[in-house]
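**Student:** This is the structure alone, sequence omitted:
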């Protein structure tokens, strides 16, 4: 028996040494919660002797502010008989308090009764300080974000809201829990925007790059206001998205201004369409108003009008507007593109021909002038008229009569003549390629149509009109044009004028997949061929020298033209039309290029591969 007790005593001593050696603060208590044992490390740390710490004396080491809570937690563990953990500050032997994690585990007998409590104190001071620093930083950050006059939301990678600032809560009248709840988008945004926002938001989050959305958000008072939400990802060192920061800016004022401008543009367009009857002439700029005033004045007269302007400016629309407001509005309006008809056939096209007048003339044919009798004939690209046809046209203007090809019988005609060209006819007269007497006959009432870059204020109205027309044709519903796209439209020089704008808008409408039109900035990177600067009229002192060098100049001009056309054909591999054709590269109509190739005797087949 004695030996057994001695073995037990030695075992307890050995266990005591082991417990004292454990590199943490260890304690052991009784079932009622009082303490009976602390290891040497605990005693060294607190400075209390076993007698002072025994029972409930250990409470003197706990910070006064933490004691009540710790004792309350300790008694809960004792009552339940379940393990537990709590935090409290413990006084060191030198009087300094540090945070410790208090852990307790019950020791049970074979019947399940608690016979002892064992536990440890783990120093967590550094962790607590880091936690407090993080809490302070977070509080400071929240104070900053709450002061920013924008809604700010922190999102998880899947888009779940983790935090929203005070401005967002105040504006929506919602709590963070309501914002985190399922169906938040349906409750927070306008019903017409929800599906679009949900789809674009999901796509943007999956893509992982910054994106933005425009939508109408519900306010606390029940009204909807337009907001621009910009999403930016935050990534870890491995490039994975760990957070999204979303900022919201109120753009209601901008949207109202856009709507007001749209309404104003619609009103202006209706005014033009209904009161002026200028068909598709869209715009309200000062240069365009000047042209329309000229049209209004000359339309009721029978004066010959020469319409000047770059390619694609809408010269034919001006001609149609003159006809529509003239006394001949109920009669025919015949349009002829002089550059699109081979020079050898142009006289027959304009004045008609008799049967057998030339090979292939199997029957008599009426010309365009006869078809336009009593009405208006519009000769577009008059600057490309061949010399022999210029003489016949001059006779029509002087004597109001002409002869069909293959006939010597004069035919009287009552036709109002409107002409148009993008060329400098004064320079052509100086170069000897256009008759001077014909020029003065045509130049009775000149109207200069401004280029699109000269009437940049009309671009938003034109874009809206063209988008509406293209949308209707393609069956799409496009509600607005992206602001960056409109800025690109305004900044671009539009060498192809309204025709080029129409093509760009049509392409953008075809590619558009939502209700907002946008274009790629790369569409405006190319540098199209621009027409040569118009030649200035020669001064009297230079006239003699100019006349003597006319022939040389004409040959040089033809050589330059041939060189430009052959270069374009080479680059396009002999292709004339299409987006990559030579006509597109030169910025001229396909028919015009065909005529020039024929006139210059260029073999386009040798450029094909």
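**Tutor:** Done, it's in. Predicted model only: the values in this text are computed from it and were never measured.
**Student:** From the contact counts, what lies against the helix or strand encompassing residue 203?
**Tutor:** For residue 203, the host element (DSSP states H and E) is helix 191-207. Secondary-structure packing of helix 191-207 (3 or more C-beta pairs under 8 Å, 6 or more residues apart in numbering; DSSP states H and E): helix 184-188, strand 211-218, strand 224-235. C-betas here are computed from N, CA, C, even on glycine.
**Student:** mind running it again at 7 Å?
**Tutor:** helix 184-188, strand 211-218 (3 or more C-beta pairs under 7 Å, 6 or more residues apart in numbering; DSSP states H and E).
**Student:** out of those, deepest packed?
**Tutor:** strand 211-218 (a mean of 18; mean count of other C-beta atoms under 10 Å).
**Student:** Mind giving me the packing neighbours of it?
**Tutor:** Secondary-structure packing of strand 211-218 (3+ C-beta pairs under 7 Å, 6+ apart): helix 191-207, strand 224-235.
**Student:** can I get the ones you listed in CSV with mean pLDDT?
**Tutor:** Listed next are the helices and strands packed on strand 211-218 as CSV, based on pLDDT from 0 to 100:
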stretch, mean pLDDT
helix 191-207, 91
strand 224-235, 91
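**Student:** Highest mean neighbour count out of those?
**Tutor:** With a mean of 17, the top stretch among the helices and strands packed on strand 211-218 by mean neighbour count (mean count of other C-beta under 10 Å) is strand 224-235.
**Student:** what does that one rub up against?
**Tutor:** For strand 224-235, contacts defined as C-beta atoms under 7 Å, 6 or more residues apart in numbering pick out 190, 204, 208, 210-219, 241-252, 255.
**Student:** Equivalent analysis for stretch 202-213, please.
**Tutor:** Outside of stretch 202-213, the residues within contact range by C-beta under 7 Å, 6+ apart are 159, 197, 200, 201, 228, 229, 230, 231, 232, 233, 241.
**Student:** ditto for stretch 513-528
**Tutor:** The list of residues contacting stretch 513-528 from outside it, by C-beta under 7 Å, 6+ apart, reads 196, 467, 477-482, 485, 488, 492, 495-496, 504, 508-509, 587.
**Student:** per-residue confidence averaged over it?
**Tutor:** Averaged over stretch 513-528, pLDDT sits at 76.
**Student:** same question, stretch 401-410
**Tutor:** Averaged over stretch 401-410, pLDDT sits at 87.
**Student:** Straight-line length of that stretch, end to end?
**Tutor:** Start to finish, the residues bounding stretch 401-410 are 6 Å apart (C-alpha to C-alpha, to the nearest Å).
**Student:** how distant is that stretch from the center of its chain?
**Tutor:** 60 Å (C-alpha atoms, centre = their mean, to the nearest Å).
**Student:** quick revisit: any idea which of the contacts of stretch 202-213 is the one closest to residue 300?
**Tutor:** Ranked by distance to residue 300 (C-beta to C-beta), those are led by residue 228 at 51.3 Å.
**Student:** Relative to residue 38, how far out is residue 487?
**Tutor:** Distance of residue 487 to residue 38, computed by C-beta to C-beta, to the nearest Å: 76 Å.
**Student:** what about those two, which has more around it?
**Tutor:** residue 38 (27 against 10; other C-beta atoms under 10 Å).
**Student:** For the protein, which residues score under the pLDDT cut-off?
**Tutor:** Scanning the chain for pLDDT under 70 picks out the ranges 1-21, 138, 142, 145, 147, 260-280, 525-558, 560, 609.
**Student:** and it, what are its domains?
**Tutor:** For the chain, automatic domain parsing gives the domain ranges 15-123, 130-250, 262-448, 452-524, 542-607.
**Student:** circling back to that earlier point, mind checking the helices and strands packed on strand 211-218 for the one nearest to residue 60?
**Tutor:** Closest approach to residue 60 among those (C-beta to C-beta): strand 224-235, 48.1 Å.
**Student:** Tell me the neighbouring strands of the closest one, and mark each as parallel or antiparallel.
**Tutor:** Here strand 224-235 has these sheet partners by DSSP bridges: strand 211-218 (antiparallel), strand 241-250 (antiparallel).
**Student:** Looking at those strands, which is nearest to residue 385?
**Tutor:** Closest among the strands paired with strand 224-235, using C-beta to C-beta: strand 211-218, at 53.0 Å.
**Student:** I'd like the distance from the closest one to the chain centre, please.
**Tutor:** Taking C-alpha atoms, centre = their mean, one finds strand 211-218 lying 15 Å from the centre of the chain it belongs to.
**Student:** what do you get for stretch 508-515?
**Tutor:** 11 Å.
**Student:** Stretch 89-104 too?
**Tutor:** 61 Å.
**Student:** Among the strands paired with strand 224-235, which comes closest to residue 335?
**Tutor:** Nearest to residue 335, of the strands paired with strand 224-235 and by C-beta to C-beta, is strand 211-218 at 43.7 Å.
**Student:** any idea of the angle that closest one forms with helix 191-207?
**Tutor:** Inter-element angle recorded for strand 211-218 and helix 191-207: 150 degrees (by axes from the mean of the first three to the mean of the last three C-alpha atoms, to 10 degrees).
**Student:** Next, count neighbours for residue 593.
**Tutor:** 25.
**Student:** Give the bridge partners for the closest residue to residue 443 other than its chain neighbours, please.
**Tutor:** What sits nearest to residue 443 in space, not counting adjacent residues and going by C-beta to C-beta, 6 or more residues apart in numbering, is residue 306, at 5.1 Å. On the basis of DSSP bridges, residue 306 is bridged to residue 419, residue 446.
**Student:** Could you dump the strands paired with strand 224-235 into TSV and include distance to residue 299?
**Tutor:** Below are these laid out as TSV (distance: least, C-beta to C-beta, whole Å):
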stretch	distance to residue 299
strand 211-218	44
strand 241-250	49
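**Student:** and of those strands, who's closest to residue 381?
**Tutor:** With C-beta to C-beta as the measure, strand 211-218 is the member of those nearest residue 381 (45.0 Å).
**Student:** Quick one: residues contacting the residue nearest to residue 443.
**Tutor:** Going by C-beta under 7 Å, 6+ apart, residue 306 touches 419, 442, 443, 446.
**Student:** same thing with residue 184?
**Tutor:** Going by C-beta under 7 Å, 6+ apart, residue 184 touches no other residue.
**Student:** No further questions, thank you.
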